[in-house]
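1. coordinates only, no sequence provided:
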């Protein structure tokens, strides 16, 4: 049983090792997001106007790239769900709710990271 499990694990490692060779950067990102979604995250998205923080979303499990309806090509914006952190303290306070958001890759200054708390 153990030998079969080790053989299966070795095969999976070899398979995953060859995936990035023939994939585009976006496909590699999608694979990475699939793994990230499986493991779970507690992301924080900060949106800036110049140097000023104007919006902050917390408890984000993923950011998704929008896709075209006909060709399925990536669109220049991302979207997701998270709690709007109105007082920028990275804690869900009473009254702060989970919302849908989207933002442009072209014109939006943003930082997305794992919550360190």
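-> That came through fine. Values in this document were obtained by computation on a predicted structure and should not be read as measured data.
2. in contact with residue 85, which residues are there?
-> If you count contacts by Cβ atoms under 8 Å, 6 or more residues apart in numbering, residue 85 has them with 56-58, 91-92, 96. Quick note: C-beta positions are derived from backbone N, CA and C, even for glycine.
3. for these, which one is nearest residue 65?
-> Lowest distance from residue 65 to those (Cβ to Cβ) belongs to residue 57, with 16.7 Å.
4. my read: that closest one touches residue 83, true?
-> Yes. Counting by Cβ atoms under 8 Å, residue 57 sits close enough to residue 83 to count as a contact (6.5 Å).
5. between those two, who's got more neighbours?
-> Neighbours per residue, other Cβ atoms under 10 Å: of residue 57 and residue 83, the larger number sits with residue 57, 23 against 18.
6. give me the nearest residue to that one, chain neighbours excluded.
-> residue 82 (3.5 Å; Cβ to Cβ, 6 or more residues apart in numbering).
7. tell me the secondary structure for that neighbour?
-> strand (DSSP: H, G, I helix; E, B strand; the rest coil).
8. what of residue 47?
-> Secondary structure of residue 47, per three-state DSSP, is strand.
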